[in-house]
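Novice: Predicted coordinates and the sequence they were generated for:
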Number of protein chains: 2
Amino acid sequence: MSEKLVPRSEDFNEWYNSLVLRADLADYGPVRGTMIVKPYGWALWENIQQGLDRRFKATGHLNAGFPMFIPESFIKREAKHVEGFSPELAIVTHAGGQELEEPLVVRPTSETIIGHSFARWVQSYRDLPILINLWNSVVRWELRTKLFLRTSEFYWQEGHTAHATAEEAAFETRQMLDVYTDFAVNDAAIPVIPGEKSEVERFAGADRTFTLEAMMGDRRALQSATSHNLGQNFARAFDIKYLDTSNELQYCWTTSWGLSTRFIGAIIMVHGDDQGLVMPPRLAPYQTVIVPIYRKDGEKGEVLAAVERIRQSLTAAGVRVKVDDRDNLSPGYKFNDWELRGVPTRIEIGPRDVANHSVALARRDIPGRDGKQFVSQDGLAQTVQDLLAQIHHGMHAKALAFREAHTYEPADYDSFKEVVQDGFARVWWAGDNADEQRVKEETKATIRCFPLDTPAGRGKCFYTGRETDRLAIFARAY
Amino acid sequence: MSEKLVPRSEDFNEWYNSLVLRADLADYGPVRGTMIVKPYGWALWENIQQGLDRRFKATGHLNAGFPMFIPESFIKREAKHVEGFSPELAIVTHAGGQELEEPLVVRPTSETIIGHSFARWVQSYRDLPILINLWNSVVRWELRTKLFLRTSEFYWQEGHTAHATAEEAAFETRQMLDVYTDFAVNDAAIPVIPGEKSEVERFAGADRTFTLEAMMGDRRALQSATSHNLGQNFARAFDIKYLDTSNELQYCWTTSWGLSTRFIGAIIMVHGDDQGLVMPPRLAPYQTVIVPIYRKDGEKGEVLAAVERIRQSLTAAGVRVKVDDRDNLSPGYKFNDWELRGVPTRIEIGPRDVANHSVALARRDIPGRDGKQFVSQDGLAQTVQDLLAQIHHGMHAKALAFREAHTYEPADYDSFKEVVQDGFARVWWAGDNADEQRVKEETKATIRCFPLDTPAGRGKCFYTGRETDRLAIFARAY
């Protein structure tokens, strides 16, 4: 803790890696590619889980538990799926002291085993829709670990649904994208661009893939959640059929959608600053930290009594409170520590505050004197809650202004090449897959999405020069 | 659903297996030994998780996430641990298209990887205690699946703690046993016997293992939770050391404790009856099911309006409600269906009830007319909550009376052999490990535990004839 954090502006990558470790969010596991999520990081993940789970249940989804082991043959039944996932699989070949007859895949995602089950569960239209979600971890082999962003095992939720009609599946796919958008904006204070992926970037086995794209602090994009319309691809591969109202056998239409611990990476990279993390108030493990300040032994008793009284009133009001009563550390050290860990607000109480019936209340998003005020202990819980709401909106506005300041509309490929190194390029696009691939090779930028919110109209493609009504966001991405 | 369930008294094993499937709790996975937990079973598990998680946090524990892959060499570092778990391991030998240099074990439990991490996390006495818990799944290879009771992958929580002193570790081990006891009795209505395991039955690597033992409906025992005092065994194997206040390097003392989806098996087998499941009210996914009853179309509107009003008032009062408005099924079919699925209370509303401002309220634990009453719609939420509390206490009392009626105190081995086929034998025990092994071979009964709540005094061992102050519970067990 004595060492200063590398400033974000100086070396974003190094800032990120050391911050994750020093803020005690996560650590490297002993097996290359794996991650240990430490209690502070896991508490953040639990709050993410709760925010999503509430929304999933409100839209009629139920949770379930599926096995992590999938027969290798399942993966091969959907042609694009096997092509997409084969290089990343971890394989169990031995178990119970014997070599297995059929090797097992540790799930990279569960569409195949879900398909196998749905085929058994569905007989008639009365069994539809099936709306389930799994909270679990999946494995996609990686050797170049970047905590939260690229680990061979990661935590996520994967929703899986089956429907009687194409319309219902299309509705579900978009509904879940809306759920993620609502969560990102209102819980994580992250502005996102909902859009559709290009064919090149589509999920292996989907008809259409929708995504949320967010701009990180280094102006690169991060795909923050995806929602896939799987059409009848998995229904055909796994024989998921139902008898319709006319007693005719029909294939189902399925969807899947997910958000992972990558999202923690987005929270860090969107909101963090040179001092460390800045936790969005609604997801923060601790929303306020109370630091007692005293010198003489006589002061300690009255200060700690006030701290305890305030802790209780805040907790009763539903504020998540941490009291830092470590007696071997100075207040200044604690301030830095909790700033690094991004706690949205800090309450300082010393003998003078006790006498004045006040506290010093500091906000993390505005460091230093400007973010600090002295407020009454009366109604403190409400004061803190109002401040948390203000911080949430301020963080969202700041991130949105940052994204807009770094979103460009280059008219030709030369200016595209330049601006896309500094942010998002919002451009008309009439190229094909090969064009997309060439742009990627030459600029490292990819189509993040075709935004759903696109003005009517047409324009000239910056690359092909052709007229088109399709607008794309290009960016370098994580 | 048309087929009747095999009565519990006729074939307990068949009753259990078919009930789990028909109540939609779980299904067999495609890989032998694996289990799919369906939404109704998962909702029960979520309620179990919440009941435990609240208690873990109240006793100062934080959750974390650890990798499922453990280097094979880790497992070998604690001699008894490797001996205990080796035969059950699933091994990943290939990943990312290549053979791995060191095979990976899919965790059977996490003491070793936790030990590796604790050694890195702990430097001084100020870093202690570490109190963490993991919610995850583990793999112990099994081919003879019995859903919830014996599956190669199962869900559980595993708590892991490190302490500065032996006393603190001993306190923690017993505290967590108390937490489990409180949960079993007050949330699951399951009477349990807290006790210590014999050396033979101890966890592989523990100094002492404590357990909760419960009697199932077939009078066999089920180990429902365990808490292990690991002494310094894992601290020595993984070098978990701290500098004490005198600046001397000391080994830590560690514990671990767990409760798994096996506990769902206990809920089924303790409370279930010939009609199916009987869910303990505090864990039941649905605490009440509302069945609307109508014949003419004119009746439907007013009945469904009353149902919706009641649903809202119960939900607002915190009751978990399911409305069964399926219009292709008769009320009688629905009654049987929800009885099979064990919903603690049922509310029936027909046109006459609407006119009388009443409902029929039935309790699952007393099937038929005796358990049904007509009550006012005024104050219905309170009426239902009172009834749920009554059902909870009734279920616990019934299970306790059943256990006591099948607990025997045989004085010699001959009577022991007889009674232990019909329940628990509570006996003085002065035998050694070899004696214990012989009793097991001859009777299939094992020492479930030495109960903590043992009267002072001495008695004659039924097997060796020697005087002893040690009392044991023997039983056949799952």
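Specialist: Thanks, I have it.
Novice: What separation is there between the residue of the stretch 301-450 of chain A found nearest chain B and residue A:300?
Specialist: Across the stretch 301-450 of chain A, the shortest distance to chain B (Cβ to the nearest Cβ) belongs to residue A:328, at 6.8 Å. Heads up, the C-betas are built off the backbone N, CA and C, glycines and all. Per Cβ to Cβ, to the nearest Å, residue A:328 is found 14 Å from residue A:300.
Novice: For these two, work out which one has more neighbours and name it.
Specialist: Neighbours around residue A:328 and residue A:300, counted as other Cβ atoms under 10 Å in any protein chain shown, are more numerous at residue A:300. The numbers are 16 against 7.
Novice: Now do the lengthiest helix in chain A: distance to the chain's middle.
Specialist: Ordering each helix of chain A by length in residues (DSSP state H) puts helix A:380-405 first. Here helix A:380-405 is found 19 Å from its chain centre; the criterion is Cα atoms, centre = their mean, to the nearest Å.
Novice: And the contacts of the helix or strand just after that helix?
Specialist: As assigned by DSSP states H and E, the chain's next helix or strand after helix A:380-405 is strand A:407-408. Strand A:407-408 has contacts (Cβ atoms under 8 Å, 6 or more residues apart in numbering or on different chains) with A:215, A:415, A:419, A:420, A:422, A:423, A:424, A:425, A:426.
Novice: Report how many residues lie close to residue A:79.
Specialist: Counted by other Cβ under 10 Å, the residues lying close to residue A:79 total 12.
Novice: do the same with residue A:397
Specialist: Per other Cβ under 10 Å, the neighbour tally for residue A:397 reads 12.
Novice: Report the separation between it and residue A:152.
Specialist: Distance, residue A:397 to residue A:152, by Cβ to Cβ: 37 Å.
Novice: Quick one: the helices in chain A, in order.
Specialist: Taking DSSP H as the criterion, chain A carries its helices at A:12-22, A:39-58, A:72-75, A:79-85, A:111-121, A:166-186, A:233-238, A:262-271, A:297-316, A:331-340, A:351-356, A:380-405, A:413-419, A:433-443.
Novice: one step back: does the residue of the stretch 301-450 of chain A closest to chain B touch residue B:126 like I think?
Specialist: Yes - here residue A:328 lies in contact with residue B:126, judged by Cβ atoms under 8 Å, at a distance of 6.8 Å.
Novice: who does residue A:131 bridge with?
Specialist: Per DSSP bridges, the residues bridged to residue A:131 are residue A:161.
Novice: give me the number of residues near it?
Specialist: 19.
Novice: just residue A:303 next, same as before
Specialist: 20.
Novice: what residues are up against it?
Specialist: A:292, A:293, A:294, A:349, A:350, A:351, A:354.
Novice: In a markdown table, list the residues you listed along with distance to residue B:11 and pLDDT.
Specialist: Compiled in a markdown table, the contacts of residue A:303 are given as follows (distance: Cβ to Cβ, whole Å; pLDDT from 0 to 100):
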| residue | distance to residue B:11 | pLDDT |
| --- | --- | --- |
| A:292 | 65 | 97 |
| A:293 | 70 | 96 |
| A:294 | 70 | 94 |
| A:349 | 67 | 97 |
| A:350 | 72 | 96 |
| A:351 | 74 | 96 |
| A:354 | 71 | 96 |
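Novice: mind listing which of those are in strands?
Specialist: A:292, A:349 (DSSP state E).
Novice: from the contacts of residue A:303, which is closest to residue A:314?
Specialist: Nearest to residue A:314 among the contacts of residue A:303: residue A:349, at 12.2 Å, using Cβ to Cβ.
Novice: wait, what's in contact with that closest one?
Specialist: With Cβ under 8 Å, 6+ apart, residue A:349 has these contacts: A:290, A:291, A:292, A:293, A:303, A:306, A:307, A:310, A:359, A:360.
Novice: how does chain A divide into domains?
Specialist: Annotated domains of chain A cover A:12-271, A:288-387, A:407-475 [automatic domain parsing].
Novice: Quick check: pLDDT value at whatever residue of the stretch 101-250 of chain A ends up closest to chain B.
Specialist: Using Cβ to the nearest Cβ, residue A:141 is the residue of the stretch 101-250 of chain A that sits closest to chain B, at 3.5 Å. Residue A:141 is assigned a predicted lDDT (pLDDT) of 94.
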